[in-house]
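Trainee: Structure here, sequence nowhere to be found:
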């Protein structure tokens, strides 16, 4: 995961040589919004450089483009898609909406979507931009995210290691540092807290039909005492209906091609 500002073609080639298979780049909307929210220290915008880097590296590494959205910028999310189409980048870039949450005091809570509203807007975004709904069909998984994955790590610019990107900048949440050699892991207790949750021991989880695709929900939210349910839980029927339509249409097209 990166903001993409330093992801030049040279750096992308180095990452590829290091066996990095994919990069996720995060933006906060079209240029006029992103540059206000994500400026450099000197106040200059970053959108143009990020998009140039994406165009330069799109054939070196697969790119997942996360478009952070809240109530203030959701109406402009499609402008990003228009830009990607104009530059013929959708063959190599996979865009999706990212739910902004008020962690680390970076966002005002009243501007953030509820899980239910995010799910509603996300489905509309997929349909408006003809993103294959088949890709969103629920699938069973072994863990929820990198935070509860045995090989999931987040590293900041000083070498500190975290289990979740929401913890970056909070020193007491660092589990170690890559600069410490063989002793790089210092907080195995935090690793255990993130990875040891067993959802089948909780009535709310074990009775939930979404458990196989949720695995107990967001580990960070659970540790912070927040609700952890999968966002799609609140709009699942609508997702399934549209996914089914897309799958049937695909099957019909395949049969007609025979």
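Mentor: Looks like it arrived, so ask away. From a predicted model like this one, the values you see are computed outputs, not experimental measurements. Numbers count the residues shown, from 1 in each chain.
Trainee: Which stretches in the stretch 1-150 of the chain count as helices?
Mentor: Ranges of helices in the stretch 1-150 of the chain, per DSSP state H, counting those that start in this stretch, are 9-17, 31-37, 47-57, 77-86, 115-128.
Trainee: Of all the ones you listed, which one is nearest residue 162?
Mentor: helix 9-17 (19.8 Å; C-beta to C-beta). C-beta here means a position set from N, CA and C on the backbone, and glycine is covered the same way.
Trainee: helices and strands around that closest one, which ones?
Mentor: In terms of contacts (3 or more C-beta pairs under 8 Å, 6 or more residues apart in numbering; DSSP states H and E), helix 9-17 is packed against helix 47-57.
Trainee: who touches the helix it packs on?
Mentor: 3-9, 12, 23, 25, 27, 30-31, 34-35, 38, 63, 65, 83, 87, 89, 93 (C-beta atoms under 8 Å, 6 or more residues apart in numbering).
Trainee: Please apply the same query to stretch 242-258.
Mentor: So stretch 242-258 is in contact with 123, 126-127, 132-134, 136-137, going by C-beta under 8 Å, 6+ apart.
Trainee: Please repeat the previous calculation with a cut-off of 6 Å.
Mentor: For stretch 242-258, the external contacting residues (C-beta atoms under 6 Å, 6 or more residues apart in numbering) are 133-134, 137.
Trainee: ok so, going back, derive a ChimeraX selection command for the buried subset of the contacts of helix 47-57.
Mentor: Here is the ChimeraX command that selects only those of these that count as buried (16 or more other C-beta atoms under 10 Å):
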select :4,7,12,23,25,27,30,31,34,35,38,63,65,89,93
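Trainee: From the contacts of helix 47-57, which land in strands?
Mentor: Residues of the contacts of helix 47-57 located in strands (DSSP state E): 23, 25, 27, 63, 65, 93.
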